[in-house]
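Peer 1: Okay, predicted coordinates and the sequence, questions at the end:
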Amino acid sequence: MDTCLKLAITKIGDLLLHNKITQDKDGNTITDISLVIPTYQRPYKWRAKNVIQLLDDIIDAKNENKETYRVGTLILHQKEKSPYNIVDGQQRIITFSLLLKALSDDDSEDDDLISFLEQHLTNNPHNTRNIPNNFRTLKRRVKNINDKSEKGKLQAYIENNCELIVVITDDESEAFQFFDSQNARGKKLYPHDLLKAYHLREMKDLDVAETEMVVKGWEDLDQKELSALFSDYLYRLKEWTKGNKAWELNEHNIHKFKGITRQDNFPYAQFYKGAFAYADTVNHSAMPFVSGTRNFNPFQLDTPIVAGKSFFDYAKHYFEILKDIQNNDKYEGYFINDNDIVKTLNLRTYKNGVGNRITRLLFDTAILLYVDRFSPIERPAKTDLEMLDQFVVFAFIWAYSLRAQYTNLGWQSAQNYIIGKPEIKNSFNIYKVITEADSPISLLSEFSERVNPLPMSDIVAKKDNAEDQDEDDIYQNYLHYFKEYNFVEGENEN
């Protein structure tokens, strides 16, 4: 069946007060428009500063006598006679609804005509906080317009002169292709937001309650940290393990996280879907409890993702592991606990500066990849943790050999170091070495051959306080650990 695609323009008043789209490309009005925010949508994240900025922009356009003020694009998906799902544009639509309600006189019935505001929204902290707060903000702002005539003119301008470009399609994939290419007030959507929308499309078999639960679990994660997880860690690991340089995750390469869909039936796809299905089935059965075994890990960083709900489980899985790795608390987590090297690296001096942040990222990604491949996520045994501790030393020496050899370290030098530049001491692709190892013992043996002491003459970093400690016995210079683990040569040189 061919895709039905309609392009139209609508006035805000027609859409929100009269439930119609002003005209399509043939000049015809589209009636009976019932707008719905589907469960897969992001929550309402506009804050007071966003809505005030929109209102100020509209007032400026009105004062400049702009006959038409275009306020963005609305992308809708409608199948047969069902309601119109908002694929993109919900932030603006909610805000205009609140603005029209705020502009309505107390004795006016106009606010009752905004049926869009009557629908149920996901019980998300962003929705429950931002919607009432933004309405109060807009209400206070319009109350400051003392001239009733001016307020009426502003309301009329919003209803009749503010317009949206509307894209309507009956093909959900087509709608999301438009969604992927849209910007919100000139800002690109974060790649992880695009991925969320894509994988929600693969969850058609889930009921509404389960979909809402998945979306809530995603939104409950710190979105800045979630964005960093994909952009800084997972994307770069996917490239580095293949021997490629990794720069930026964006809309052009997010396909690396789209994974295997239910329609993919190639032998490799069947293998990975079968492995995931088996692990998922076992983990949701009584077998681990009865046998006393650990749950199966259904994910690996260097293998394809299975699209749909499993993507959200994948994101949460690695989000939690990374937080564990980066938390050096003595009593919390499995992997990094009260580690002396990490105590020094956590000092403020090593959190500042591009070079320090790059080096720490290389260190953390190496540990993340090792844990993913060799450390049980549940109840690691003493031997598992002992092997991890030995790996941490090698990962530290590898990553901070790079830092020690540069006064000013940037990403170009770091990428060269990772892919292997023989003129840089200890330069090799640690990530490929990890993924090619078949056991922690063979991996540590390989590192014993590859990670070499750093000549003191090659160290350009500050060395004179390497033995200084603070009141908590934390060494103030990471070079101390090069000496402690015998990874420096000629240390008596000046």
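Peer 2: Here it is on my side, so go on. Source: prediction; values computed, not measured.
Peer 1: Phe335 contacts Lys323, correct?
Peer 2: No. Assessed by C-beta atoms under 8 Å, Phe335 is found out of contact with Lys323, at 10.3 Å. For glycine as for every other residue, the C-beta is placed from the backbone atoms N, C-alpha and C.
Peer 1: between the two, who's got more neighbours?
Peer 2: Phe335 (23 against 15; other C-beta atoms under 10 Å).
Peer 1: check contacts around the more buried one.
Peer 2: Ile321, Asp324, Ile325, Ile367, Val371, Ser375, Pro380, Leu385, Leu388 (C-beta atoms under 8 Å, 6 or more residues apart in numbering).
Peer 1: Save those as TSV, and put in distance to Leu5 too.
Peer 2: Formatted as TSV, the contacts of Phe335 follow (distance: C-beta to C-beta, whole Å):
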residue	distance to Leu5
Ile321	43
Asp324	47
Ile325	47
Ile367	48
Val371	47
Ser375	50
Pro380	53
Leu385	57
Leu388	54
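Peer 1: Do a quick rundown of the helices in the stretch 151-300 of the chain.
Peer 2: Assigned by DSSP state H, counting those that start in this stretch, the helices in the stretch 151-300 of the chain fall at 172-181, 191-201, 208-220, 223-228, 235-240, 267-283, 287-291.
Peer 1: Can you point out the buried residues in the helix or strand just after the shortest one?
Peer 2: Right, the one you point to is helix 287-291. Per DSSP states H and E, the first helix or strand lying C-terminal to helix 287-291 is helix 309-326. By neighbour count with 16 or more other C-beta atoms under 10 Å, helix 309-326 contains the buried residues 309-319, 321-322, 324-326.
Peer 1: avg pLDDT for helix 309-326?
Peer 2: Averaging pLDDT along helix 309-326 gives 94.
Peer 1: Could you check the angle it makes with helix 191-201?
Peer 2: Helix 309-326 and helix 191-201 are oriented at 140 degrees to each other (axes from the mean of the first three to the mean of the last three C-alpha atoms, to 10 degrees).
Peer 1: can you give me how far helix 309-326 is from the chain middle?
Peer 2: 11 Å (C-alpha atoms, centre = their mean, to the nearest Å).
Peer 1: per-residue confidence for Asp106?
Peer 2: For Asp106, the model assigns a pLDDT of 51.
Peer 1: residues touching the residue nearest the centre of the chain, list them.
Peer 2: Nearest to the mean C-alpha position of the chain, counting by C-alpha atoms, centre = their mean, stands Ser227 at 2.8 Å. Each residue near Ser227 by C-beta under 8 Å, 6+ apart is listed here: Tyr190, Pro191, His192.
Peer 1: Whichever of the residues you listed end up buried, select them in PyMOL.
Peer 2: Selection of the buried residues among the contacts of Ser227 in PyMOL, burial being defined by 16+ other C-beta under 10 Å:
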select buried, resi 190+191+192
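Peer 1: just the contacts of Ser227: which has the poorest pLDDT?
Peer 2: The pLDDT minimum for the contacts of Ser227 sits at Tyr190, where the score is 73.
Peer 1: hmm, back to that, quickly name whichever of the buried residues of helix 309-326 is closest to Ser149.
Peer 2: Nearest to Ser149 among those: Phe312, at 51.8 Å, using C-beta to C-beta.
Peer 1: what's the spacing between the closest residue to that closest one other than its chain neighbours and His284?
Peer 2: Leaving aside its chain neighbours, Phe312 sits nearest to Val214 (5.1 Å; criterion: C-beta to C-beta, 6 or more residues apart in numbering). Per C-beta to C-beta, to the nearest Å, Val214 is found 16 Å from His284.
Peer 1: Could I get the full set of strands for this protein?
Peer 2: 5-11, 23-24, 35-36, 69-77, 84-88, 162-169, 183-184, 187-188, 454-455, 488-489 (DSSP state E).
Peer 1: Format the ones you listed as a markdown table; extra columns: mean pLDDT.
Peer 2: Output for these, formatted as a markdown table (pLDDT from 0 to 100):
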| stretch | mean pLDDT |
| --- | --- |
| strand 5-11 | 85 |
| strand 23-24 | 88 |
| strand 35-36 | 89 |
| strand 69-77 | 86 |
| strand 84-88 | 86 |
| strand 162-169 | 88 |
| strand 183-184 | 42 |
| strand 187-188 | 48 |
| strand 454-455 | 92 |
| strand 488-489 | 88 |
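Peer 1: Hmm, Gln280 is touching Phe299, no?
Peer 2: In this structure residue 280 is Asp, not Gln. No. Here Asp280 lies out of contact with Phe299, judged by C-beta under 8 Å, at a distance of 10.7 Å.
Peer 1: still on that earlier bit, looking at the helices of the stretch 151-300 of the chain, spot the one closest to Tyr485.
Peer 2: Tyr485 lies closest, by C-beta to C-beta, to one member of these: helix 235-240, at 24.3 Å.
Peer 1: Tell me how far that closest one lies from the chain's centre.
Peer 2: Its chain's C-alpha centre and that of helix 235-240 lie 15 Å apart, by C-alpha atoms, centre = their mean.
Peer 1: In terms of secondary structure, what does it contact?
Peer 2: On a contact count with 3 or more C-beta pairs under 8 Å, 6 or more residues apart in numbering; DSSP states H and E, helix 235-240 meets helix 354-374, helix 430-436.
Peer 1: The same query, at a cut-off of 7 Å, please.
Peer 2: helix 354-374 (3 or more C-beta pairs under 7 Å, 6 or more residues apart in numbering; DSSP states H and E).
Peer 1: Go through the helix it packs on and flag the buried ones.
Peer 2: For helix 354-374, the neighbour count (16+ other C-beta under 10 Å) marks 355-356, 358-374 as buried.
Peer 1: How about stretch 151-158?
Peer 2: For stretch 151-158, burial by neighbour count (16+ other C-beta under 10 Å) applies to Lys151, Leu154, Gln155, Tyr157, Ile158.
Peer 1: Next, format those residues as TSV and append pLDDT and distance to Ala269.
Peer 2: Conversion of the buried residues of stretch 151-158 to TSV gives the following (pLDDT from 0 to 100; distance: C-beta to C-beta, whole Å):
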residue	pLDDT	distance to Ala269
Lys151	89	60
Leu154	93	56
Gln155	93	55
Tyr157	95	54
Ile158	95	50
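Peer 1: What is the nearest of those residues to Ala466?
Peer 2: Once C-beta to C-beta is applied, the member of the buried residues of stretch 151-158 that ends up nearest Ala466 is Ile158, at 65.3 Å.
Peer 1: Count the neighbours of Lys245 for me.
Peer 2: Close neighbours of Lys245, defined as other C-beta under 10 Å, add up to 14.
Peer 1: That one and Lys421, how far apart?
Peer 2: Here the criterion is C-beta to C-beta. By it, Lys245 lies 12 Å from Lys421.
Peer 1: roughly how far apart are Lys101 and Tyr40?
Peer 2: Taking C-beta to C-beta, one finds Lys101 at 26 Å from Tyr40.
Peer 1: what's the answer for Glu386, then?
Peer 2: Going from Glu386 to Tyr40 by C-beta to C-beta gives 44 Å.
Peer 1: Neighbour count: the two, which is higher?
Peer 2: Set Glu386 next to Tyr40 and count neighbours by other C-beta under 10 Å: Tyr40 wins out with 19 against 12.
Peer 1: of Val214 and His284, who's got more company?
Peer 2: Per other C-beta under 10 Å, whichever of Val214 and His284 has more neighbours is Val214, with 23 against 10.
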